[in-house]
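1. structure of the sequence below:
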Amino acid sequence: MQRPDWAPDDIDVERPSVARMYDYYLGGSHNFAADRVAARAMVEAVPDAPLMAQANRAFLRRVVQHLIDAGIRQFLDIGSGIPTVGNVHEIAQRAAPEARVVYVDVDPVAVAHSQEILAGNRNATVVREDLRRPEAILTHPEVTRLIDFSQPVAVMVVAVLHFIPHSDHPEQTLRTLRAALAPGSYLVLSQASDDTRGGAERVEAERVYRRTDNPLCIRSRAELTEFFDGFTLVDPGVVWVPQWRPETPESAEDAEQAVFLGGVGRLDG
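-> Down below sits the predicted model:
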């Protein structure tokens with residue numbers, strides 16, 4: 001297929017990317033034919049897939065606003081994806097212009113588009129790195145330029161963990177990140193769960209994502225809760241994402257249909 005002008009030269013446009021599939025679910029335009037084919041197959045298997053992505057995005061927006069209200073002014077968003085409306089820096093800097101944001105993603109399209117959006121924003125940047133290399137993230141010059149780890153930081157790992165298999169030991173990654181944080185910092189997690197979904201949907205979803213470089217690794221509420229080891233969960237704990245401090249009671253109805261579980265933990269002194 002023809003390579004768009006905005007597509008970096010070092011990507012395979014014929015292989016679906018989870019970041020670009022997520023962009024498609026959210027109505028974005030930075031995806032290729034292979035991404036759309038895979039995303040449509042996912043929607044055929046799980047018709048609520050776009051609504052799940054939207055519910056997770058709404059969770060992110062509410063969490064950032066909560067953290068700004070709690071006094072957080074530094075955000076490290078790992079696995080940030082391709083920017084769409086309601087990015088972390090937009091929400092945070094609208095309320096607190098001095099807020100600093102570093103996005104991290106392994107997908108070159110996500111990084112290239114983020115660079116374009118963040119051009120001229122001195123308090124926000126993006127780096128291309130992998131969640132599974134936490135030391136490289138923590139020591140990256142662009143990260144250390146904007147993030148002062150002696151002060152509270154919000155580390156966000158939203159809609160990413162279900163692409164990290166058990167064999168990659170995500171619990172160790174999260175421990176490494178936690179060790180770098182000052183008291184008063186926060187950890188934000190969300191991930192897909194099949195606690196209320198039938199096995200057939202899970203099998204079909206896993207089949208679709210085997211086309212990508214990031215097969216699915218679905219986890220339970222108990223497993224996601226364990227990732228908050230060392231943190232104190234913020235009320236209401238690990239819940240379906242529409243249930244996390246909803247703006248209206250109606251928006252939390254049928255919350256389990258969102259499939260994503262999420263939570264926020266605070267690192268006490």
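2. helices of the chain, residue ranges please.
-> 18-25, 33-45, 49-69, 88-95, 108-118, 134-139, 141-146, 170-179, 199-209, 221-226 (DSSP state H).
3. winner for burial among those?
-> helix 18-25 (a mean of 25; mean count of other CB atoms under 10 Å). (Glycine included, C-beta is placed from N, CA and C.)
4. please enumerate residues in contact with it?
-> 29-32, 35-36, 38-39, 42-43, 49-50, 52-54, 81-82, 84, 105, 107, 109-110, 159, 163, 209, 212-214 (CB atoms under 8 Å, 6 or more residues apart in numbering).
5. re earlier: nearest to Val241, out of the helices of the chain?
-> helix 49-69 (3.8 Å; CB to CB).
6. look up phi and psi at Ile164.
-> Dihedral pair for Ile164: phi -110, psi 110, per degrees, to the nearest 10.
7. any idea how far the closest residue to it other than its chain neighbours is from Val127?
-> Excluding the flanking residues, the one nearest Ile164 by CB to CB, 6 or more residues apart in numbering is Pro170, at 4.5 Å. For Pro170, the distance to Val127 (CB to CB, to the nearest Å) stands at 20 Å.
8. and if you look at Glu171?
-> Glu171 is 23 Å from Val127, by CB to CB.
9. and what of Pro50?
-> Applying CB to CB, the value for Pro50 to Val127 is 28 Å.
10. the closest residue to Phe228 other than its chain neighbours pairs with what?
-> The shortest distance from Phe228 to any non-neighbouring residue, by CB to CB, 6+ apart, is to Gly265 (4.2 Å). Following DSSP bridges, Gly265 is listed with bridge partners Leu187, Leu233.
11. run a quick neighbour tally on the closest residue to Thr225 other than its chain neighbours.
-> The spatially closest residue to Thr225, leaving aside those adjacent along the chain, is Val238, at 4.8 Å (CB to CB, 6+ apart). Residue neighbour count, defined by other CB atoms under 10 Å, stands at 24 for Val238.
12. thought Val238 was touching Glu223?
-> No. Shown here, Val238 and Glu223 do not form a contact pair, counting by CB atoms under 8 Å, at 9.9 Å.
13. now do Asn87 against Gln93, distance only.
-> 10 Å.
14. shaky segments in the stretch 1-150 of the chain?
-> 1-8, 10, 85 (pLDDT under 70).
15. looking at strand pairing, list the partners for the spatially most central residue of the chain.
-> For the chain, the residue sitting closest to the mean C-alpha position, by CA atoms, centre = their mean, is Val158 at 2.6 Å. Counting by DSSP bridges, Val158 forms beta bridges with Ser190.
16. and it, how close does it get to Gln191?
-> With CB to CB as the criterion, Val158 and Gln191 are 9 Å apart.
17. and Leu177, by the same measure?
-> 15 Å.
18. what of Asn121?
-> Where Gln191 is concerned, Asn121 sits at a distance of 29 Å (CB to CB).
19. and if you look at Asn31?
-> 22 Å.
20. pick out whichever of the two has more residues nearby.
-> Gln191 (28 against 22).
21. give the contact list for the more buried one.
-> For Gln191, the contact set (CB under 8 Å, 6+ apart) comprises Ala159, Val160, Leu161, His162, Arg219, Leu224, Phe260, Leu261, Gly262.
22. same thing with Ala95?
-> Gln65, Ile68, Asp69 are the contacts of Ala95 under CB under 8 Å, 6+ apart.
23. ok, now with 6 Å
-> Shown in contact with Ala95 (CB atoms under 6 Å, 6 or more residues apart in numbering): Ile68.
24. phi and psi next, for Ser185.
-> phi -80, psi 170.
25. give me the neighbour count for Leu189.
-> 24.
26. for it, which non-adjacent residue is spatially closest?
-> In space, and not counting its chain neighbours, Leu189 is closest to Val157: 5.4 Å by CB to CB, 6+ apart.
27. next, count neighbours for the one you found.
-> If we define neighbours as other CB under 10 Å, then Val157 has 24 of them.
28. tell me the bridge partners for Val102.
-> Counting by DSSP bridges, the residues bridging with Val102 are Leu76, Thr125.
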